[in-house]
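[1] sequence and computational prediction follow.
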Amino acid sequence: QVQLVESGGGLVQAGGSLRLSCTPSGFTLETYAIGWFRQAPGKEREGVSYISKNSGITYYADSVKGRFTVSRSNYENTAWLQLDSLKPEDTAVYYCAASRTVVAAWYWEPQFEFWGQGTLVNVSE
């Protein structure tokens, strides 16, 4: 079955850190750009970060710049999102997604062919 699997979410206090992982099943990541998205309770899903196939290009939402870091290893067939200085407003289900051909803005969801099931990040006061 072709899918992405996220892991690493959990409950953390404000100011803490988490590292999310994104691993494919049934395909390799090297020919795909990776996007990270999140959906907070009662809100629309939003783009958080993006990394190109060769890691040469990265993007971040303004709300997470300087606190989150996206990375990947095509050798390890894994992408990561490091979440530091977490705030309660970062509480959401986080998703990774894979796009073979990026044709629009990095956060445009329809260009991502594969999505993970999501991992919950819960940041307490």
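    Nice, I can see it.
[2] OK, contacts around the most centrally placed residue in the chain?
    Nearest residue to the geometric centre of the chain (CA atoms, centre = their mean): residue 36, 2.5 Å. With contact set as CB atoms under 8 Å, 6 or more residues apart in numbering, residue 36 has these partners: 20, 22, 47-50, 70, 81, 94-97. Using the backbone N, CA and C atoms, a C-beta is placed for each residue, glycine as well.
[3] out of those, who has the most neighbours?
    residue 96 (30 neighbours; other CB atoms under 10 Å).
[4] could you say which helix or strand contains that residue?
    Taking DSSP states H and E as the criterion, the element that holds residue 96 is strand 92-99.
[5] please state the offset of that strand from the chain centre?
    With CA atoms, centre = their mean, to the nearest Å as the basis, strand 92-99 stands 5 Å off its chain's centre.
[6] picking up where we left off before, so what are the sheet partners of the host helix or strand of the residue nearest to the centre of the chain and their directions?
    Assessed by DSSP H and E, residue 36 sits inside strand 33-39. When pairing is defined by DSSP bridges, strand 33-39 lines up against strand 46-51 (antiparallel), strand 92-99 (antiparallel).
[7] got these as JSON lines, with distance to residue 29 columns?
    Formatted as JSON lines, the strands paired with strand 33-39 follow (distance: least, CB to CB, whole Å):
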{"stretch": "strand 46-51", "distance to residue 29": "10"}
{"stretch": "strand 92-99", "distance to residue 29": "7"}
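[8] just to revisit the earlier point, can I get the strand holding residue 36 in PDB? Just the C-alpha atoms.
    Below are the C-alpha coordinates for strand 33-39, written out as PDB (Å, rounded to 0.1, in the frame of the first residue of the first chain):
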ATOM      1  CA  ALA A  33       9.000  17.300  -2.600                       C
ATOM      2  CA  ILE A  34       7.600  17.200   0.900                       C
ATOM      3  CA  GLY A  35       5.100  19.500   2.500                       C
ATOM      4  CA  TRP A  36       4.100  19.700   6.100                       C
ATOM      5  CA  PHE A  37       0.600  20.800   7.000                       C
ATOM      6  CA  ARG A  38      -1.400  21.100  10.200                       C
ATOM      7  CA  GLN A  39      -5.100  21.400  11.100                       C
END
